[in-house]
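>>> Need coordinates for the below:
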Amino acid sequence: METTHALWLLAVPVGALMVAAAARRIGLSAPLVLVIAGLAFSFVPGVPEFELDPEFVLFVFLPPLLFSAAWKSSFTNLRQNVWSIGLLSIGLVLFTTFAVGYAAYLLVPGLPLSAACVLGAIVAPPDAVAAVSVAQRLGLPRRTVTVLVGESLFNDATALTAFRVALIAATGAGFTLMEGVWRFLFAAAVGAAVGLLLGPPLHWLRTRLNDPLVENGVALVAPFAAYLIAESVHASGVIAVVVSGLYLGNRDTESGAVTRLIGHSFWKVMVFVLESVVFLLIGLQLPPVVNELSGRSWQQLTWWAVAVFAVTVAARFVWVFPASQLPRLLSRRERSLGNVGWRGMVVVSWAGMRGVVSLAAAFAVPFVTTGDKPFPGRDLILFLTFTTVLGTLLVQGLTFPALIRALGIGGGRERYTDTVAEAGAQHAAAQAALDRLEELYAEERLDESVVERLRQLAEHRQLRAWERLGGGTGPEGEELPTATYRRLRREMLLAERQVFVRMRDERRIDDEVLTRVMWELDLEEVALTRD
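Model (predicted):
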């Protein structure tokens, strides 16, 4: 029995990776395909119930996903859009909590307002993974993507704090509005303090270890340490993880080149696996949710599910349009960034897909209150959470790319500007390298052939940066010199690899030697194919 259980546990990540790989191959959104696949698998006879453990999700899945997103985020861009991000990650979450809560209170007979607000807090935070992946693939303007990413980094903290406050009120443990405000401020401030206190010593340690594997090991431990320390003092572990990730990511340029290469690949694999498993698990939650329902009318349940889904989506539209203008009134810097326009506001409003945090919070609702009475409407809260998450992922997720195309929003001009700026920076950097080379050549007795090779390398980098503006081809579509260089050098590297492998197979070199030379060739090929 234990072996069978272990095999099913193995089947989840294996199945998730297979489905995600197929989705990527045919160009579909992997998160959405995974959710649909999870739903389909849940109907297969013999498939066991995979009920989400809230503590497991919030401690194992959430910290590394948030940490990786924070690590890759631009602190400068987030700071420039702090008002917009704050209004979404705090204001919109609280607005959605009360809007959905009050709507559920009016819709469902006998559901207390406190329990309805628990539902509101659960479905309040969007999970921007699917939205951001689509936005980046279709080239949305950077500012829109930054706002969506910033919202997803901080809204979980607001929602989980609101959830705990609403839960206290619903279980009859004693609660006042001022106590709720105090809990929120304490959780946010102390969580940020934990992240700030943890970031500098971890960065100091990473820059002095001089061991890429250990340095990335420290980065792997960091999100779990930040989350656990903050939660142990009843602060927001989410904010602690995000702040520490922003700090360490902003200082990553001070790490070694090999450390960054390994870390970049490691976090891409880690996030890919975790997200694949999470979205498959969302679809697999149908049987546990259905089992919670105690003989309720399906017609009534369907009406409530559609209504809560509609209120959840509408609340975002109601908030985003007026709130998007408020930062321009409060901040001169926001006014200097320009207006996103009504098309941008529609995109942000529709990018409200919910995810695994909502389901984990729903499963964390206790069965009984403080007085040992059944928690009012727990089965209904679980069902409405599942239908809202599923509805936003499928309805909004499947239509999101078409909406972006229909509105004609793209960052094509922005990408061109970035390429021009990069070319200018590459030219200036290469010129600085050439100037430094000439200084060293004048000071030291250097081999002229070595100096000439270095000059050619720097000049090649200058030329490649400007040729990227033309996409690697000339005016008549002919292959440009740097593109020819990369193609021929890749062919040469392939020939070198074949020789090394043949010599290993013939036992003329050891596997350890092969690993070392392959690493060097791979680094060169990565440098060649980075465009």
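
>>> pLDDT score for the residue lying closest to Arg24 once chain neighbours are set aside?
Distances taken as Cβ to Cβ, 6 or more residues apart in numbering place Ala30 nearest to Arg24, at 5.8 Å, with adjacent residues excluded. (C-beta placed from N, C-alpha, C; glycine too.) We have a pLDDT of 86 for Ala30.

>>> And the helices in the stretch 1-150 of the chain?
Shown for the stretch 1-150 of the chain, the helices assigned by DSSP state H, counting those that start in this stretch span residues 2-26, 30-42, 54-56, 62-72, 75-80, 82-86, 93-107, 113-123, 129-137, 142-170.

>>> now swap in the stretch 401-531 of the chain and tell me
Under DSSP H, counting those that start in this stretch, the stretch 401-531 of the chain gives helices at 412-443, 448-467, 481-505, 511-528.

>>> so Val365 sits in a helix?
No - assigned with DSSP: H, G, I helix; E, B strand; the rest coil, Val365 falls outside any helix and is coil.

>>> Now for it, how many residues are close by?
Neighbourhood size, Val365 [other Cβ atoms under 10 Å]: 23.

>>> Quick one: neighbours of the residue nearest to it when sequence neighbours are not counted, just the number.
In space, and not counting its chain neighbours, Val365 is closest to Arg378: 5.3 Å by Cβ to Cβ, 6+ apart. By the criterion of other Cβ under 10 Å, Arg378 has 20 neighbours.

>>> Please identify the deepest-packed of the helices of the stretch 1-150 of the chain.
Per residue and on average, the most neighbours among the helices of the stretch 1-150 of the chain fall to helix 113-123, with a mean of 28 (mean count of other Cβ atoms under 10 Å).

>>> lowest-confidence helix or strand of this structure?
When the helices and strands of the chain are scored by mean pLDDT, DSSP states H and E, helix 332-336 comes last with a mean of 65.

>>> which residue sits closest to the residue sitting nearest the centre point of the chain, ignoring its sequence neighbours?
Residue closest to the average C-alpha location in the chain (Cα atoms, centre = their mean): Ala69, at 4.5 Å. Excluding the flanking residues, the one nearest Ala69 by Cβ to Cβ, 6+ apart is Leu153, at 6.1 Å.

>>> Look up how far Leu293 lies from the one you found.
34 Å (Cβ to Cβ, to the nearest Å).

>>> Please apply the same query to Ala37.
24 Å.

>>> Would you confirm that Pro48 contacts Leu7?
No - Pro48 is beyond contact range of Leu7, at 10.5 Å (criterion: Cβ atoms under 8 Å).

>>> Which neighbours do those two have in common?
By Cβ atoms under 8 Å, 6 or more residues apart in numbering, Pro48 and Leu7 have no common neighbours.

>>> list the contacts for His203?
Counted by Cβ under 8 Å, 6+ apart, His203 has contacts Tyr247, Leu248, Arg251, Glu254.

>>> Now it: which helix or strand?
Taking DSSP states H and E as the definition, His203 sits inside helix 177-209.

>>> buried ones in that helix?
Going by neighbour count (16 or more other Cβ atoms under 10 Å), the buried part of helix 177-209 is 180, 183-184, 187-188, 190-195, 198-199, 202-203, 206, 209.

>>> which residue packs closest to Val290, ignoring adjacent ones?
According to Cβ to Cβ, 6+ apart, the nearest residue to Val290 is Phe383 (7.9 Å).

>>> where's that neighbour relative to Pro288, distance?
Counting by Cβ to Cβ - Phe383 and Pro288 are separated by 10 Å.

>>> same check, this time on Met503
Distance from Met503 to Pro288, by Cβ to Cβ: 56 Å.

>>> swap in Ser297?
Separation of Ser297 from Pro288 (Cβ to Cβ): 20 Å.

>>> next one: Pro366
Noted for Pro366: a distance of 16 Å to Pro288, by Cβ to Cβ.

>>> And Ala527, by the same measure?
49 Å.

>>> who has more neighbours, those two?
Pro288 (17 against 10).

>>> Correct me if wrong: that one contacts Glu51.
Yes - with contacts counted by Cβ under 8 Å, Pro288 reaches Glu51, the gap being 4.3 Å.

>>> Return, as residue ranges, the portions of the stretch 201-350 of the chain with sub-threshold pLDDT.
Applying pLDDT under 70 to the stretch 201-350 of the chain flags the ranges 294, 330-340.

>>> Which residue ranges of it form strands?
Counting by DSSP state E, counting those that start in this stretch, one finds no strands in the stretch 201-350 of the chain.

>>> residues in contact with the residue lying closest to Leu94 once chain neighbours are set aside?
Of all residues not flanking Leu94 in the chain, Ala162 sits nearest, at 6.4 Å (Cβ to Cβ, 6+ apart). Contacts for Ala162 were tallied using Cβ under 8 Å, 6+ apart; they are Val93, Leu94, Thr97, Ala121, Ala124, Phe184.

>>> Just give me the closest of the residues you listed to Ser324.
Val93 (16.0 Å; Cβ to Cβ).

>>> Tell me if I'm right that that closest one and Thr161 touch.
No - using Cβ under 8 Å as the test, Val93 is too far from Thr161 to be in contact (9.3 Å).

>>> give the contact list for Val214.
No contacts exist for Val214 under Cβ under 8 Å, 6+ apart.

>>> separation between it and Leu390?
Applying Cβ to Cβ to Val214 and Leu390 gives a distance of 42 Å.

>>> now Met492
Counting by Cβ to Cβ, the gap from Met492 to Leu390 is 52 Å.

>>> Quick check on the two: which one has the bigger neighbour count.
It is Leu390, of Met492 and Leu390, that has more neighbours when counted by other Cβ under 10 Å, with 23 against 12.

>>> any idea of the pLDDT on the more buried one?
Taking Leu390 on its own, its pLDDT is 91.

>>> Let me see the contact set for the residue nearest to Val290.
Contacts of Phe383 (Cβ under 8 Å, 6+ apart): Val289, Val290, Glu292, Leu293, Leu301, Ala305.

>>> what two of these have the greatest distance between them?
Once Cβ to Cβ is applied, those give Glu292 and Ala305 as the farthest pair, at 13.9 Å.

>>> Give me the more crowded residue out of these two.
Counted by other Cβ under 10 Å, Glu292 and Ala305 do not tie: Ala305 has more neighbours, with 20 against 17.

>>> how near is that one to Ile381?
Distance, Ala305 to Ile381, by Cβ to Cβ: 12 Å.

>>> before we move on, what about Trp182?
Taken as Cβ to Cβ, the span from Trp182 to Ile381 is 26 Å.
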